[in-house]
Every structure is written in structure tokens, then in C-alpha cells.
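K.L.:
Task: produce atomic coordinates for the following.
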Amino acid sequence: MGTPIKVNLEKSGDAKPRGSNASRGAEEFPGTDSTNRQGWIARSVFLFRGLGLLMRNDKMNAIKSVIFFLVFFFIFGLSDPDYLYAKTKKETIHVQPGPEEGMDSHIAKGPSEEKKNFGESETMGIGKGDAKRILIRFDIPSLPENATISSVQLQVCLAMEYFFDEETVLYLHRITGFWKEKEVSWKSNQDKRDWKEEGGDFDPKIETVTSLIGKTQGWISWDVTKTVKDFLDGKYVNFGFILKEHYCYSGEILFLSSDLGWEEYRPRLVISYETEEIPTEPVAPSVPSTEVFPNPFRLAEGHTEISFPNLPSGTSVKIFSIDGAVIRTVEEEHGVAKWDVKDSEGNKVSSGLYLYCIDTKKGRKTGKLVIIR
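P.N.:
This next block holds a predicted model:
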């Protein structure tokens, strides 16, 4: 029955809302879509307030206003607010060992059973007026350094369906000494070595409880989050747990052990944790290096067009106004795309800041253009 330890890893991504992806009805400059809208709104409010203050001063001329706008745009305008948020990943690990790696057994009080070992039984019992107790231990897997444990559940499956007329409380304690699964008994933790106290050495402090009432079947859980954190932090040695009831239930409650042939119903430890990933700025796409020339474009220096050299075949270049509207698209010819500094209707564009986007089969590259007439 040698089945290796079973560890299931479930992943789910969780990030802060990034806004709607609904279309605005017009083509926009990359990075200005609705996912960034809140950041742009905040920046715009700040910008317009600043410009309003400048315009109140009659001595402030248009050039200073433009400088103010350009400084604001370069510092804030092209930054992505999503970089300010860490993305949280939620993960869950199921530790569910089989017969070879599993470590669980029950111990029983009484003349005929107090020295008997039940480590190879497929069932484990609790009850009989606390004359039967379960010992169980899991090897806790290592977690990422930045992991934050949110929940740890110890889960054991009932061997049959029960009906409890009154509430039956099952206690979980932390075991404080070493024991061996194939040798442990009510009197001894291993062969020829007795417990300090019969029935197991454990911390009298109750770590957690579970109550059973009415019709009960399937998995029973104990929240061991705090204790497992203490194990990982080195506060205690992980000798496992002991499950017992409070002298009230005269019957026996049977649970399934790690020696069970049915793999899915063996005891398990379910660890849920979160990790934070702070996204880095995206790496520039793999597109050919190109230097836009002239930039800035100065009519007084005799400039007549702006060139985008070293482009692969089929490349298109879109020119955008500062508010993200497409004003012209030019196509590559013989490795170069040229813009005559006019809009799609043939009108000369005015002085100011413009954006461009080079689209190739390998990726996209964006940048800024300055027109000075």
C-alpha cells in the first residue's frame, strides 16, 4: 500500500479591480483606456486646478502655461497607476499522506488494550468516555518566504454516518513529546518507553474544538491555524495533535486513517495562504530600434517631415493628439515611415506635444513628438 504523500496545489489570482474594459467608441492611445481612468481623472483635476491658478495671473504668459503642462504630463501623465498596487495570489495546499508517510493512530485505555498498538488500522476511534484518543501528525511543507497563512484546517473523515442526540465536543491539543505510529499505545509513546502520563503527553491548553450534533457524516474539521504558525515560527516542535472527547460520550466515534485504501478519504491538512507580487513596469516590446528624426520638429530650421527609420515590412505608425485621438496613420515604405506633419484631412497640425505608436508583428513601441512652428 506504499502510496507517496499527496500534495494538491490549487491556485487562484486575486488583484485589485482594474476597471471596465468597455470600449469608449473611438480608438485611443495605448495606456489611456478605461483601466487607467481613475488615475487620469485624478491627474486631470490636479492639472486643471493648476492651470486655473496660472490663468488668474495676468502676467503669466502662454509659454509658462505650456511648460507647466509638459512637466506635469511627463511626470504623471504616462505613469500607470496599476504599478502602485500589489497583486495578491491565493493558494491552497492539501497535504494528504498515504500509509508509508502518514502518521496517525488511536490509543485505547483498558487492561486488554492499553499496551496495544493500532498504527496499521484503517480506522481510528474517539470516545468511550475519553478511553480512546487519536494521535495524528503531518509534515508541514515549506511555503514561499513572502507567504501569509490565512487558514489551516485539520480534516478527518468519519467512517460512517452518526446521529448525536446531544452536542458532543471533540478537543484538539498539541502533543509535547515524540511518538512512533507503529509502536504507540495508551501507556507508551514507543516500544519500551512510557509516556510521562498515560494517554499521551500533551499541552493541557485546548488549541481548538469541534462540536457534533444531529445527523453527522463526512469530513470533520479543526482550525489549527495558530498552532501551525507556531510550528513554522519555531515556537514549538511539531509532534502533532491529539484528538479527544470530554468524558461525556459513551460510544465510539470512528474516523478513517492514512492506512485506508481509498486515497481521497485519508486525513488531510489544508493550508491556505496568500502571496503578494508587486508588478514591475512592463519591458519594452521586442521591436526594431528606431530614432525618430527630427524630434523636436522645428519649422524655423527647415524641417518638412518626421521620419521613422529601420522599420520591418508591414509596419504602421499612428500619430495621436495629447488627448489620445488618432490624427494620422502612416505606413512603412522601404523600411521608413514618413509623416508630413499634417492630419488625415491634409491640415497642418499646430505646435504642441504629440504621441506616436509603432505597430509591428513583433510588438509595439510608443513615444512622444514635439512640434514647434
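K.L.:
how far away is the closest residue to V292 other than its chain neighbours from K365?
P.N.:
Taking CB to CB, 6 or more residues apart in numbering, and ignoring the residues beside it in sequence, V292 has F308 as its nearest neighbour in space, at 5.8 Å. For glycine as for every other residue, the C-beta is placed from the backbone atoms N, C-alpha and C. Here F308 is placed at a distance of 10 Å from K365 (CB to CB, to the nearest Å).
K.L.:
Quick check: neighbours shared by the two?
P.N.:
T290, I358 (CB atoms under 8 Å, 6 or more residues apart in numbering).
K.L.:
Give the rounded mean pLDDT of stretch 145-164.
P.N.:
Mean per-residue pLDDT for stretch 145-164: 95.
K.L.:
Next, the buried residues of it.
P.N.:
The neighbour-count check on stretch 145-164 (16 or more other CB atoms under 10 Å) flags A147, V152, Q153, L154, Q155, V156, C157, L158, A159 as buried.
K.L.:
Can you name the residues that contact the fifth one?
P.N.:
The contact partners of Q155, by CB under 8 Å, 6+ apart, come to W219, I220, S221, W222, P267, R268, L269, V270.
K.L.:
ok, S316 - contacts?
P.N.:
T329, V330, E331, E332, A337, I358, D359.
K.L.:
now the residues you listed as JSON lines including pLDDT and neighbour count?
P.N.:
Formatted as JSON lines, the contacts of S316 follow (pLDDT from 0 to 100; neighbours: other CB atoms under 10 Å):
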{"residue": "T329", "pLDDT": "95", "neighbour count": "15"}
{"residue": "V330", "pLDDT": "95", "neighbour count": "19"}
{"residue": "E331", "pLDDT": "94", "neighbour count": "11"}
{"residue": "E332", "pLDDT": "92", "neighbour count": "20"}
{"residue": "A337", "pLDDT": "93", "neighbour count": "22"}
{"residue": "I358", "pLDDT": "90", "neighbour count": "23"}
{"residue": "D359", "pLDDT": "87", "neighbour count": "18"}
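K.L.:
Quick check: which ranges of the stretch 251-373 of the chain have low pLDDT?
P.N.:
278-289 (pLDDT under 70).
K.L.:
Mind jotting down where the strands sit in it?
P.N.:
Per DSSP state E, counting those that start in this stretch, the stretch 251-373 of the chain carries strands over the ranges 252-256, 268-277, 297-298, 306-308, 316-320, 326-331, 337-339, 352-360, 363-372.
K.L.:
Return the distance of the first one from the chain's centre.
P.N.:
To tie it back to what came earlier, the one meant is strand 252-256. Offset of strand 252-256 from its chain centre (CA atoms, centre = their mean, to the nearest Å): 37 Å.
K.L.:
quick revisit: from the buried residues of stretch 145-164, pick the one nearest K226.
P.N.:
K226 lies nearest to V152 out of the buried residues of stretch 145-164, by CB to CB, at 8.5 Å.
K.L.:
Run the angle between the helix or strand harbouring that closest one and strand 268-277 for me.
P.N.:
In the assignment (DSSP states H and E), V152 maps to strand 148-157. Using axes from the mean of the first three to the mean of the last three CA atoms, to 10 degrees, the inter-axis angle of strand 148-157 relative to strand 268-277 is 160 degrees.
K.L.:
Okay, now the sheet partners of strand 148-157, with direction.
P.N.:
strand 219-223 (antiparallel), strand 268-277 (antiparallel) (DSSP bridges).
K.L.:
would you put the C-alpha positions of it in PDB?
P.N.:
Listed next in PDB are the C-alpha coordinates belonging to strand 148-157 (Å, rounded to 0.1, in the frame of the first residue of the first chain):
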ATOM      1  CA  THR A 148       1.000  34.800   4.700                       C
ATOM      2  CA  ILE A 149      -1.100  31.900   6.100                       C
ATOM      3  CA  SER A 150      -4.800  32.700   6.200                       C
ATOM      4  CA  SER A 151      -6.100  29.300   7.300                       C
ATOM      5  CA  VAL A 152      -5.000  25.800   8.200                       C
ATOM      6  CA  GLN A 153      -7.700  23.100   8.700                       C
ATOM      7  CA  LEU A 154      -7.100  19.600  10.000                       C
ATOM      8  CA  GLN A 155      -9.700  17.300   8.400                       C
ATOM      9  CA  VAL A 156     -10.600  13.700   9.300                       C
ATOM     10  CA  CYS A 157     -13.400  11.800   7.600                       C
END
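K.L.:
gap between that strand and the chain center?
P.N.:
18 Å.
K.L.:
try stretch 345-363
P.N.:
39 Å.
K.L.:
Report the separation between the two terminal residues of that stretch.
P.N.:
28 Å (CA to CA, to the nearest Å).
K.L.:
try stretch 115-135
P.N.:
One end of stretch 115-135 sits 15 Å from the other (CA to CA).
K.L.:
Excluding chain neighbours, what is closest to the most centrally placed residue in the chain?
P.N.:
Nearest residue to the geometric centre of the chain (CA atoms, centre = their mean): K89, 0.4 Å. Distances taken as CB to CB, 6+ apart put T275 closest to K89, at 5.0 Å, once the chain neighbours are dropped.
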